[in-house]
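*Asks:* The sequence and its predicted three-dimensional model are supplied below.
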Amino acid sequence: MMSAQNNNNEIRDPIPNENIFFIEIGFGNDSHGQSATKAACRACRNAIEFNSIPSIKRLIPNGGYDALKLDVLLAVPPKYRQGLDLKEVAKVFPYGYVRFEVQDGGMVAPSGIAIEKLGDDGDDMVVVCASVTVGH
């Protein structure tokens, strides 16, 4: 497990099954620049972008949005895992306490072109998959 700590990141145990509200899945890629961070941010946004939880204050004892816990599992291509910045990925989430787990996965696919001015070192596209578990 990799974890980052800042205002909304923490090292803790996973959310217990009885406290899970839902699990969302997303994916993101960086077509030019080979950034696992950019792909992971896009995957996390993709996972949460169509959700609204207006009843959180009623569902979570003592805290509402401030007590929300997010367990984020990222599948990242091993070749690009070292460049992953979890503090930057955590900024995707507007509230809650984020716990990250990173595993080998995702995909590296050819983009068909390397554009140097976009930061390309080659024609790899970096694809990251994300699972975001929301609970308390």
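*Replies:* Everything's here; your move. Residues are numbered from 1 along each chain as shown.
*Asks:* Do a quick rundown of the helices in this protein.
*Replies:* Taking DSSP state H as the test, the helices found in the chain are 36-48, 56-59, 86-90.
*Asks:* ok, and what's touching the second one?
*Replies:* So that's helix 56-59. Residues outside helix 56-59 that contact it (CB atoms under 8 Å, 6 or more residues apart in numbering) are 21, 53, 64-65, 68, 136. C-betas here are computed from N, CA, C, even on glycine.
*Asks:* same thing but at 7 Å, please
*Replies:* Residues outside helix 56-59 that contact it (CB atoms under 7 Å, 6 or more residues apart in numbering): 21, 64-65, 68.
*Asks:* Mind picking the lowest-pLDDT entry from those?
*Replies:* Least confident entry in those, by pLDDT: residue 64, with 78.
*Asks:* Leaving out sequence neighbours, find the closest residue to that residue.
*Replies:* residue 57 (3.6 Å; CB to CB, 6 or more residues apart in numbering).
*Asks:* mind checking how far that neighbour is from residue 18?
*Replies:* As defined by CB to CB, to the nearest Å, residue 57 lies at a distance of 19 Å from residue 18.
*Asks:* of these two, who's got more company?
*Replies:* Counted by other CB atoms under 10 Å, residue 57 and residue 18 do not tie: residue 57 has more neighbours, with 12 against 6.
*Asks:* And the helix or strand of the chain with the lowest mean pLDDT, what's buried?
*Replies:* Least confident helix or strand of the chain, by mean pLDDT, DSSP states H and E, is helix 56-59 with a mean of 83. Buried residues in helix 56-59, counted by 16 or more other CB atoms under 10 Å: residue 56.
*Asks:* I'd assumed residue 130 was in contact with residue 26.
*Replies:* Yes. With contact defined as CB atoms under 7 Å, residue 26 reaches residue 130; the gap is 4.9 Å.
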